[in-house]
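Trainee: only geometry, no sequence info:
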């Protein structure tokens, strides 16, 4: 969620405070929570065009309509740009993608209930406006020029800077959607093991959830075009993070990495100040050109952490970022997959055993090939589907061992049924969409807006 920070926070005087900030996320297993975030494309039902911010049928109207369910507006300038309620938030991505940043919850049952409630509220507000929302990894029809920009100060700065670093950064901002889950760790060692395991297995998640095969109404040659876009967005803040697998990885090593990533902005007095390309190390020394003589606060550090875009991102928790947006069941299956792998000690051991001997060259190979081939990606004499099948098995065992039951006495493992089906058929969501496109849709992309609507 990218709402404006509430305060600058305590002034930072040395690097140790930055390390302590990350380390403060450590918590005992009984306090671990699950935070699920998902983005969706919003569009009018009469012409399928993406919604502008303003107007009777715009994004602002959706944000205002949701307030009847108890959501509190967050304002930037004269615009409602986010909502908050009970630890959860609704925010806007640059092209009007609507994001739910879920509250930290105890179980997948709770997460799935939260998703259901949110989508039901969206339908109640969107229906009378004759607009809808759907989950895909990439905008399937409209060119970048047809996507309205949302009125958020940070996006103007990022939009100006992106083309200087890669050819697809503006597409990332305007035309992609993801679902991710945020998970906790107990200690530095636990963080490192979870970071390494999840970073190695992120291509498996990308393959299982690949759901972006169309660009401007035609197949684009990828199964997860959203994932491919990150490879040409900004090399300073994306990539496979080889240092995570090296000796010495820990909170301080990650801080050193973040300090070497150029800044985007600083937020002061309700406005974003352009600091694109400038150094946070200079900021620590009071030598930031955008704010000469001023030192950062913890709010600035939290902001800067949010501007890195690896497949797994460390804050006071770990964010799993490799999956395309998708249908309702996918929004429950993704947290189930990662919670099953990372929150049970035996499952985490088994998952690490699965990947611990992979080389950096193999990590890079999977990062490059999975967006095109998904589960069919050749790997070590088999296909990635074999690894995905084993990962789903480990996740199911982890969820059964957690034994978090719902009101009917069922544990969380049934949320993986969708993924079991995908590995059994060796077929990701994008391949079903391509079948429909070449078959009963008769090579028209328009049916996707009604058949895939939430």
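Mentor: Received, thanks. Keep in mind it's a predicted model, so treat the numbers as computed, not measured.

Trainee: and the strand or helix carrying residue 397, what other elements does it pack with?
Mentor: Using DSSP states H and E, residue 397 falls within helix 384-402. Helix 384-402 sits against helix 188-208, helix 328-342, helix 345-355, helix 360-373, strand 378-379, helix 417-425, with contacts defined as 3 or more Cβ pairs under 8 Å, 6 or more residues apart in numbering; DSSP states H and E. For the C-beta atoms, the positions are set from N, CA and C on the backbone; glycine is no exception.

Trainee: So the nearest residue to residue 453 once chain neighbours are set aside, which state does it fall into?
Mentor: Once flanking residues are discounted, residue 453 sits nearest to residue 132: 4.3 Å by Cβ to Cβ, 6 or more residues apart in numbering. Three-state call for residue 132 (DSSP: H, G, I helix; E, B strand; the rest coil): strand.

Trainee: Show me what residue 132 is bridged to.
Mentor: residue 43 (DSSP bridges).

Trainee: oh, and call the first residue 725 from now on, that's how I've got it
Mentor: In the new count, where the first residue is 725, that last one comes out as residue 856.

Trainee: any idea how far it is from residue 1088?
Mentor: Distance, residue 856 to residue 1088, using Cβ to Cβ, to the nearest Å: 39 Å.

Trainee: So between those two, which is more surrounded?
Mentor: residue 856 (22 against 13; other Cβ atoms under 10 Å).

Trainee: List the contacts of the helix holding residue 1121.
Mentor: 832, 925, 927-928, 931-932, 1060-1068, 1070-1072, 1074-1075, 1078, 1090, 1094, 1097-1103, 1135-1137, 1139-1140, 1143-1144, 1146-1147, 1150 (Cβ atoms under 8 Å, 6 or more residues apart in numbering).

Trainee: Using PyMOL, define a selection of the buried residues within those residues.
Mentor: To isolate the buried members of the contacts of helix 1108-1126 in PyMOL, using 16 or more other Cβ atoms under 10 Å:
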select buried, resi 832+925+927+928+931+932+1060+1061+1062+1063+1064+1065+1066+1067+1068+1071+1072+1074+1075+1078+1090+1094+1097+1098+1099+1100+1101+1103+1135+1136+1137+1139+1140+1143+1144+1146+1147+1150
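
Trainee: thinking again about what came up before, relative to helix 1069-1079, how tilted is the helix holding residue 1121?
Mentor: Per axes from the mean of the first three to the mean of the last three Cα atoms, to 10 degrees, the angle that helix 1108-1126 makes with helix 1069-1079 is 170 degrees.

Trainee: the inter-axis angle of helix 1108-1126 versus helix 912-932?
Mentor: Per the same axes, to 10 degrees, the angle that helix 1108-1126 makes with helix 912-932 is 130 degrees.

Trainee: picking up where we left off before, save the helices and strands packed on helix 1108-1126 as TSV, and put in mean pLDDT and distance to residue 1122 too.
Mentor: Shown next, in TSV, are the helices and strands packed on helix 1108-1126 (pLDDT from 0 to 100; distance: least, Cβ to Cβ, whole Å):
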stretch	mean pLDDT	distance to residue 1122
helix 912-932	98	12
helix 1052-1066	97	4
helix 1069-1079	98	3
helix 1084-1097	98	22
strand 1102-1103	98	23
helix 1141-1149	98	13
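
Trainee: Is it possible to get TSV of those that adds distance to residue 1005?
Mentor: Listed next are the helices and strands packed on helix 1108-1126 as TSV, based on distance: least, Cβ to Cβ, whole Å:
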stretch	distance to residue 1005
helix 912-932	23
helix 1052-1066	32
helix 1069-1079	33
helix 1084-1097	26
strand 1102-1103	39
helix 1141-1149	42
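
Trainee: related to what we said a few turns ago, the inter-axis angle of the helix holding residue 1121 versus helix 1141-1149?
Mentor: 150 degrees.

Trainee: what does the average pLDDT come to for helix 1108-1126?
Mentor: When pLDDT is averaged over helix 1108-1126, the result is 98.

Trainee: same check, this time on stretch 736-745
Mentor: The average pLDDT within stretch 736-745 is 96.

Trainee: Show me the contact partners of it.
Mentor: 734, 975-976, 979, 982-983, 1008, 1019-1022, 1024-1026, 1040.

Trainee: For that stretch, buried residues please.
Mentor: Buried residues in stretch 736-745, defined by neighbour count with 16+ other Cβ under 10 Å: 736, 741-743, 745.

Trainee: before we move on, what about stretch 937-946?
Mentor: Applying a neighbour-count criterion of 16+ other Cβ under 10 Å, one finds 937-939, 943, 946 buried in stretch 937-946.

Trainee: same question, stretch 864-873
Mentor: Residues of stretch 864-873 classed as buried: 864-866, 871-873 (neighbour count, 16+ other Cβ under 10 Å).

Trainee: Quick check: the farthest pair among those residues?
Mentor: By the measure Cβ to Cβ, 864 and 873 form the most distant pair in these, at 19.6 Å.

Trainee: Quick one, grab the pLDDT at residue 994.
Mentor: At residue 994, the model reports a pLDDT of 87.

Trainee: Actually, residue 731.
Mentor: pLDDT for residue 731: 63.

Trainee: Residue 871 now?
Mentor: We note a pLDDT of 98 for residue 871 in this prediction.

Trainee: wait, isn't it in contact with residue 896?
Mentor: No - with contacts counted by Cβ atoms under 8 Å, residue 871 stays clear of residue 896, the gap being 11.9 Å.

Trainee: Buried residues, the helix holding residue 1121. List them.
Mentor: 1108-1109, 1111-1113, 1115-1123, 1126.

Trainee: Could you single out the nearest of the residues you listed to residue 957?
Mentor: Looking across the buried residues of helix 1108-1126 and measuring by Cβ to Cβ, the closest to residue 957 is residue 1108, at 23.1 Å.

Trainee: distance of the residue nearest to that closest one when sequence neighbours are not counted from residue 821?
Mentor: In this structure, residue 1108 finds its nearest non-sequential neighbour in residue 1101, 4.2 Å apart by Cβ to Cβ, 6+ apart. Noted for residue 1101: a distance of 27 Å to residue 821, by Cβ to Cβ.

Trainee: one step back: the inter-axis angle of the helix holding residue 1121 versus helix 1052-1066?
Mentor: Per the same axes, to 10 degrees, the angle that helix 1108-1126 makes with helix 1052-1066 is 80 degrees.

Trainee: Which of the three states applies to residue 818?
Mentor: Under three-state DSSP, residue 818 falls in the coil class.

Trainee: would you turn the buried residues of stretch 864-873 into JSON lines with secondary structure and distance to residue 1172?
Mentor: Formatted as JSON lines, those follow (DSSP: H, G, I helix; E, B strand; the rest coil; distance: Cβ to Cβ, whole Å):
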{"residue": "864", "secondary structure": "coil", "distance to residue 1172": "6"}
{"residue": "865", "secondary structure": "coil", "distance to residue 1172": "8"}
{"residue": "866", "secondary structure": "coil", "distance to residue 1172": "12"}
{"residue": "871", "secondary structure": "coil", "distance to residue 1172": "17"}
{"residue": "872", "secondary structure": "coil", "distance to residue 1172": "20"}
{"residue": "873", "secondary structure": "coil", "distance to residue 1172": "24"}
